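K.L.:
Sequence below, structure please.
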Amino acid sequence: MDKVLARLDAMKEVHLAELKTLLAFPSISTDPACVQAVRACGEHLRDQVRAMGFTDSVLHDTPGHPILTASWKGAPGAPTILLYGHYDVQPVDPLDLWRHPPFEAVLEGDRLVARGVADDKGQVFSHLKAMEALLKEEGALPVNVVLLLEGEEEIGSPNLGPFLEANKELLKADCAVISDTAMFAQGRPSITYGLKGLCYLELELEGPSHDLHSGSFGGPVVNPLNVMADLLSSLKDRQGRVAVEGFYDAVLPLSAEERAAFAALGYDEEGLKHSLAVEELAPEAGYTVLEHLWARPTCDVNGFVGGFTGEGAKTVLPAKASAKVSFRLVPHQTPDKVADLVEAHLRRLLPGGVRLTLTRHHAGKPALAPIDHPAVRAGMEALEKGFGTPAVYQREGGSIPIVAAFDEILGQKTVLMGFGLPDSRCHSPNENLSLENIYGGMRAALWFYRLLPQHMARA
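P.N.:
Numbering: from 1, shown residues only. Prediction:
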């Protein structure tokens with residue numbers, strides 16, 4: 001390991017330049033104008049893993065963006081890991097809030113700033129460089145690896161489930177590994193054992209056949225924007241709870257042991273307020289901020305448009321209004337059931353004079369990983385060795401729908417060993433990741449590959 005670690009230290013500048021090249025691809029999966037850029041990014045990664053020595057490196061076409069698979073099977077008798085990640089990224093708007101062009105990575109102190117650096121290209125890159133160092137210095141990996149990188153995670157992975165079903169033998173492994181989460185804090189590595197699910201809905205209200213003069217028609221003609229505001233405000237109460245009938249029926253309560261473990265982490269609520277420049281936080285009544293973030297379901301309006309939004313005034317009664325709303329779910333909620341409950345709630349409250357169309361966009365199930373799994377224990381030890389401090393267990397407020405699919409379709413438990421940070425600004429302007437986490441992630445990945453066979457053998 002000394003030679004491998006020394007190689008990583010010696011290659012830091014080279015690796016930084018290579019990561020900047022990967023980040024330069026505007027692989028925005030939701031943007032039709034970026035279709036070729038998403039493919040080009042997949043092709044770039046395919047060529048990189050081929051050069052590392054992976055065989056069967058294939059970019060599979062799907063009805064959407066391509067899926068990359070590759071394998072290295074040179075460790076007979078050793079465990080096999082399925083390493084998953086994604087090379088697509090979120091849109092960059094609002095563009096004017098970026099300090100630099102989002103696909104031209106810039107180093108600001110210890111932070112590399114670019115779209116995708118934390119979510120998820122930088123974290124995948126740490127694994128690839130760790131494997132490359134092992135192959136260069138030792139000629140082999142301590143484990144067998146199946147690589148699965150997709151270009152549709154940010155739009156809900158619509159084609160990945162069918163791909164898993166059709167390629168179970170190709171993707172066979174003893175466990176899955178994902179680095180697409182954040183550590184508890186800078187200098188405090190963590191294994192994530194719980195993820196929220198997602199139910200993302202789009203609401204459209206249609207009223208009159210065309211926009212109207214609000215003086216001539218306002219009042220008796222129902223205003224779709226007014227109705228939308230009422231409907232959206234009905235989704236939550238003043239205690240921070242979702243006000244949809246039946247919404248909490250399936251929610252898995254937090255155990256006393258988990259609440260005690262969360263409290264022992266010493267979460268810095270004041271630091272969060274300072275970093276976000278807000279004066280108050282509003283967790284669900286009866287729960288701490290951390291408990292609400294990690295283990296209670298949420299409802300958030302992600303967009304609300306209609307009518308006139310330009311400069312100046314225009315007295316218009318709009319013909320249409322639309323909104324996008326996301327619900328983060330916890331075990332044992334399911335996206336389909338939540339969508340049914342929300343739709344029933346909205347239609348009960350819908351007045352005459354407007355028509356509601358509800359579109360169900362991408363969704364994902366919540367997931368809980370067993371913390372006593374040998375691969376999870378190997379991940380905890382690897383993080384401590386990679387970052388030089390003991391790791392902790394945590395949950396995560398975000399969603400990675402593929403975790404539940406790996407369990408249900410492939411029968412694989414997942415190790416969520418993330419190298420991101422809570423303040424990496426994923427999905428926001430000026431997304432960033434510290435160099436220490438990029439290089440620390442490489443070291444942690446090295447140790448994970450080395451330690452996994454030992455932990456699996458003792459299980």
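K.L.:
Before we go further, residue 327 is sitting in a strand, right?
P.N.:
Yes. Assessed with DSSP: H, G, I helix; E, B strand; the rest coil, residue 327 lies in a strand.
K.L.:
Please tell me how far it sits from residue 101.
P.N.:
34 Å (Cβ to Cβ, to the nearest Å). C-betas here are computed from N, CA, C, even on glycine.
K.L.:
neighbour-wise, which of the two wins?
P.N.:
residue 327 (25 against 14; other Cβ atoms under 10 Å).
K.L.:
tell me which element the closest residue to that one other than its chain neighbours is part of?
P.N.:
In this structure, residue 327 finds its nearest non-sequential neighbour in residue 199, 4.3 Å apart by Cβ to Cβ, 6 or more residues apart in numbering. Residue 199 is part of strand 197-206, with elements assigned from DSSP states H and E.
K.L.:
If the residue nearest to residue 327 is in a bridge, with which residues?
P.N.:
Residues in a beta bridge with residue 199, per DSSP bridges, are residue 327, residue 363.
K.L.:
before we move on, the earlier item: run me through the strand neighbours of the helix or strand following the strand holding residue 199, direction for each.
P.N.:
Going down the chain from strand 197-206, the next helix or strand is strand 212-213, by DSSP H and E. Using DSSP bridges, the strands paired with strand 212-213 are strand 316-317 (antiparallel).
K.L.:
tell me the mean pLDDT for the partner strand?
P.N.:
Strand 316-317 carries an average pLDDT of 96.
K.L.:
Is it correct that the residue nearest to residue 327 is in contact with residue 324?
P.N.:
No. Using Cβ atoms under 8 Å, residue 199 is not in contact with residue 324, being 11.8 Å away.
K.L.:
Going along the chain, name the helices of the protein.
P.N.:
For the chain, the helices defined by DSSP state H cover 2-10, 12-23, 35-52, 121-138, 160-166, 214-217, 224-233, 256-264, 269-276, 289-295, 335-349, 374-387, 402-405, 435-458.
K.L.:
can you list those in JSON lines and add distance to residue 241, mean pLDDT and mean neighbour count?
P.N.:
Below are those laid out as JSON lines (distance: least, Cβ to Cβ, whole Å; pLDDT from 0 to 100; neighbours: other Cβ atoms under 10 Å):
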{"stretch": "helix 2-10", "distance to residue 241": "48", "mean pLDDT": "97", "mean neighbour count": "13"}
{"stretch": "helix 12-23", "distance to residue 241": "40", "mean pLDDT": "98", "mean neighbour count": "16"}
{"stretch": "helix 35-52", "distance to residue 241": "39", "mean pLDDT": "98", "mean neighbour count": "18"}
{"stretch": "helix 121-138", "distance to residue 241": "34", "mean pLDDT": "98", "mean neighbour count": "23"}
{"stretch": "helix 160-166", "distance to residue 241": "32", "mean pLDDT": "97", "mean neighbour count": "16"}
{"stretch": "helix 214-217", "distance to residue 241": "35", "mean pLDDT": "97", "mean neighbour count": "12"}
{"stretch": "helix 224-233", "distance to residue 241": "14", "mean pLDDT": "98", "mean neighbour count": "18"}
{"stretch": "helix 256-264", "distance to residue 241": "18", "mean pLDDT": "96", "mean neighbour count": "13"}
{"stretch": "helix 269-276", "distance to residue 241": "20", "mean pLDDT": "93", "mean neighbour count": "12"}
{"stretch": "helix 289-295", "distance to residue 241": "10", "mean pLDDT": "96", "mean neighbour count": "21"}
{"stretch": "helix 335-349", "distance to residue 241": "13", "mean pLDDT": "98", "mean neighbour count": "17"}
{"stretch": "helix 374-387", "distance to residue 241": "32", "mean pLDDT": "98", "mean neighbour count": "23"}
{"stretch": "helix 402-405", "distance to residue 241": "25", "mean pLDDT": "91", "mean neighbour count": "24"}
{"stretch": "helix 435-458", "distance to residue 241": "35", "mean pLDDT": "97", "mean neighbour count": "21"}
